[in-house]
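**Q** I would like the atomic coordinates for the input below:
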Amino acid sequence: MEAFFNKMQKVGFAMLGGGFLLTRFFFVVDGGQRVLVYDKMRGLQAKEYGEGMHFYVPGLQVRKNKQSIPQTNKILNIGA
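**A** Next up, the predicted model:
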């Protein structure tokens, strides 16, 4: 029985470590925001990432949130 628990402990630590490493390769963009990715070898990428989960290479690529522009009704209120 002890061998079973030792094996389960090793499997649990492997899953925990693997999950931690895998989360380092993904980033999530919140709704209403955009993200640019800077690649250290190729420079700033032209692609804008919208909301959702995306893959990137940590250490080689750096993500930068663009400032979100709040949507207001200023344009509609100017003529009033």
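
**Q** just for the chain, where's the confidence low?
**A** 64-80 (pLDDT under 70).

**Q** for it, what spans make up the helices?
**A** 2-23, 74-78 (DSSP state H).

**Q** Could I get the contacting residues of the residue nearest the centre of the chain?
**A** Centroid-nearest residue in the chain: Phe27, 0.9 Å away (criterion: Cα atoms, centre = their mean). Phe27 sits next to 35, 53-54, 56, 63 when contact means Cβ atoms under 8 Å, 6 or more residues apart in numbering. Glycine gets a C-beta too; all of them are placed from N, C-alpha and C.

**Q** wouldn't Ser53 be in contact with Leu22 here?
**A** Not quite, residue 53 is Met, not Ser. No. Between Met53 and Leu22 there is no contact under Cβ atoms under 8 Å: 11.7 Å.

**Q** Can you check which strand is longest in this structure?
**A** Longest strand in the chain, counting residues (DSSP state E): strand 43-49.

**Q** Pairing partners for it, with directions?
**A** When pairing is defined by DSSP bridges, strand 43-49 lines up against strand 35-39 (antiparallel).

**Q** who touches the strand it pairs with?
**A** So strand 35-39 is contacted by 27, 29, 44-45, 47-49, 54, 56, 60-66 (Cβ under 8 Å, 6+ apart).
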